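Undergrad: only geometry, no sequence info:
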């Protein structure tokens, strides 16, 4: 199942993750609540990427 996060962008264009590991509707509710109280800041929801897997059995040539 996909997870979502809430990100804040300030008036200088800097982005900060505010909440992670959420269902989409939950993240959207949180973003709306933040937007209702903020000025000069945008809140948005984005899907989190799955963690990268590492093949620990891989051996480079010559090792």
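TA: That came in fine, so what should we check first? Just so it is clear, the structure is predicted and the values come from calculations on it, not from any experiment.
Undergrad: In terms of secondary structure, what does the longest strand seen in the chain contact?
TA: With residue count as the measure and DSSP state E as the assignment, the chain has strand 15-22 as its longest strand. Contact partners of strand 15-22 among helices and strands, from 3 or more C-beta pairs under 8 Å, 6 or more residues apart in numbering; DSSP states H and E: strand 4-9, helix 24-37. Just so you know, the C-beta spots here come from the backbone N, C-alpha and C atoms, and that holds for glycine as well.
Undergrad: closest to residue 15 out of the ones you listed?
TA: The minimum distance between residue 15 and those falls on strand 4-9, with 5.0 Å, by C-beta to C-beta.
Undergrad: neighbouring strands for that closest one, and are they parallel or not?
TA: strand 15-22 (antiparallel), strand 42-47 (antiparallel) (DSSP bridges).
Undergrad: Just name the most buried of these.
TA: A comparison of the strands paired with strand 4-9 by mean neighbour count, using mean count of other C-beta atoms under 10 Å, puts strand 42-47 on top with a mean of 15.
Undergrad: Next, the angle helix 24-37 makes with it.
TA: If you take axes from the mean of the first three to the mean of the last three C-alpha atoms, to 10 degrees, strand 42-47 sits at 170 degrees to helix 24-37.
Undergrad: what bits of this protein have low per-residue confidence?
TA: By pLDDT under 70, the low-scoring segments of the chain are 38-39, 60, 62-63.
Undergrad: Ends of stretch 16-31, what's the gap?
TA: As for stretch 16-31, its first-to-last residue distance stands at 13 Å under the measure C-alpha to C-alpha, to the nearest Å.
Undergrad: Can you pull out the residues in contact with it?
TA: Counting by C-beta atoms under 8 Å, 6 or more residues apart in numbering, stretch 16-31 makes contact with 2-10, 34, 43-45, 47-48, all of which sit outside it.
Undergrad: Alright, I will stop here.
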